[in-house]
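J.: Structure for the following, please:
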Amino acid sequence: MSREIQNENPTILNVSQLPSRRQGKATPRNGPDSKYDNILFSKHWPWGVSKTSSFWPSDEEDDGEGDDEYAEEPIDEQEIFDLISTISDPEHPHTLGQLSVVRLADIHITPFPTERLDPQSLRTVLVELTPTINHCSLATVIGLAVRVRLERVLPPSYRVDVRMKDGSHAQDDQVNKQLADKERVAAALENDTLKGMIDTMLKTCVY
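T.: Numbering: from 1, shown residues only. As a prediction, this is how the structure comes out:
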């Protein structure tokens with residue numbers, strides 16, 4: 001017997017209405033416009049690209065003037081949105097971006113992405129989620145999926161904090177405590193049923 005859908009008629013945005021920088025990022029590229037590829041496509045997420053790569057000038061040719069042009073730039077809120085907006089909702093055949101569960105305005109990075117820091121400096125990504133209904137029983141599952149997605153793809157110098165937006169859920173304090181408790185998160189991800197649900201939600205992620 002299938003479980004009753006909690007919100008049968010959510011507001012759904014067309015994909016074209018979503019803010020996006022995904023175009024052109026489906027496959028890795030070479031050249032100065034590929035400055036995020038080593039973050040988005042590398043399995044080990046190394047910081048910086050080796051100057052032995054074919055598009056980098058040799059040491060003899062490098063006069064230092066192009067360092068700023070090719071310097072690694074920090075990931076911004078749009079990059080984070082692109083990573084998580086395509087996660088599927090566990091109930092509906094739509095993404096978290098289409099359902100406005102994930103919103104660009106509710107993604108915050110500190111220190112601010114424009115601040116130039118040492119690549120190993122810690123940054124915190126805060127994602128505030130807005131469930132389609134304030135009594136959503138799957139809010140924790142959605143939060144876990146977002147957390148898993150980001151922790152899989154972001155460099156280790158990024159700390160991930162996922163929570164319900166204030167007032168968006170009837171039990172937001174309880175849900176937030178669950179999502180912030182590393183031991184409870186780890187235990188939840190060892191549950192085969194829950195892990196299978198999250199893996200299914202992440203299948204629609206584009207990269």
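J.: List the buried residues of the helix ranked longest in the chain.
T.: In the chain, with assignment by DSSP state H, the single longest helix is helix 139-153. Using 16 or more other C-beta atoms under 10 Å as the test for burial, helix 139-153 gives 139-150, 153. No exception for glycine: its C-beta is placed from N, CA and C like everyone else's.
J.: tell me which of the residues you listed is nearest to K182?
T.: R147 (10.2 Å; C-beta to C-beta).
J.: List the residues that contact the closest one.
T.: Residues in contact with R147 (C-beta atoms under 8 Å, 6 or more residues apart in numbering) are 160, 162, 179, 185.
J.: can we see that at 10 Å?
T.: Residues near R147 by C-beta atoms under 10 Å, 6 or more residues apart in numbering: 84, 125, 127, 160-163, 179-180, 185, 189, 198.
J.: Then Q178?
T.: Here Q178 is in contact with 139-140, 143-144, 163, 171, 184-185, 188 (C-beta under 10 Å, 6+ apart).
J.: That one: what secondary structure?
T.: Secondary structure, DSSP: H, G, I helix; E, B strand; the rest coil: Q178 is helix.
J.: now it: how far from S168?
T.: If you measure Q178 against S168 using C-beta to C-beta, to the nearest Å, the figure is 15 Å.
J.: Can I get stretch 132-152 in CSV, CA atoms only?
T.: C-alpha atoms of stretch 132-152 as CSV (Å, rounded to 0.1, in the frame of the first residue of the first chain):
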residue,chain,number,x,y,z
THR,A,132,6.4,22.6,0.9
ILE,A,133,4.3,22.1,4.0
ASN,A,134,5.2,23.0,7.6
HIS,A,135,4.4,19.5,8.9
CYS,A,136,6.5,17.6,6.3
SER,A,137,7.6,14.3,7.9
LEU,A,138,10.3,13.9,5.3
ALA,A,139,12.1,17.2,6.2
THR,A,140,15.0,15.3,7.9
VAL,A,141,15.4,13.0,4.8
ILE,A,142,15.6,16.0,2.5
GLY,A,143,18.1,17.7,4.8
LEU,A,144,20.2,14.6,4.9
ALA,A,145,20.2,14.4,1.1
VAL,A,146,21.4,18.0,0.8
ARG,A,147,24.1,17.4,3.4
VAL,A,148,25.3,14.2,1.7
ARG,A,149,25.3,15.8,-1.7
LEU,A,150,27.5,18.7,-0.6
GLU,A,151,29.8,16.6,1.6
ARG,A,152,30.5,14.3,-1.4
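J.: pLDDT and distance to P90 for the contacts of Q178 - can I get that in CSV?
T.: As requested, those are exported to CSV (pLDDT from 0 to 100; distance: C-beta to C-beta, whole Å):
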residue, pLDDT, distance to P90
A139, 95, 10
T140, 95, 11
G143, 97, 11
L144, 97, 10
R163, 97, 18
Q171, 92, 17
R184, 92, 19
V185, 93, 17
A188, 92, 14
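J.: lowest confidence element among the helices and strands of the chain?
T.: Using mean pLDDT, DSSP states H and E, helix 37-40 stands out as the lowest-scoring helix or strand of the chain, at a mean of 45.
J.: In this protein, where is pLDDT below threshold?
T.: 1-9, 21-73, 113-119 (pLDDT under 70).
J.: quick one: the helices in it?
T.: Counting by DSSP H, the helices of the chain are 37-40, 67-70, 77-84, 139-153, 172-180, 182-188, 192-202.
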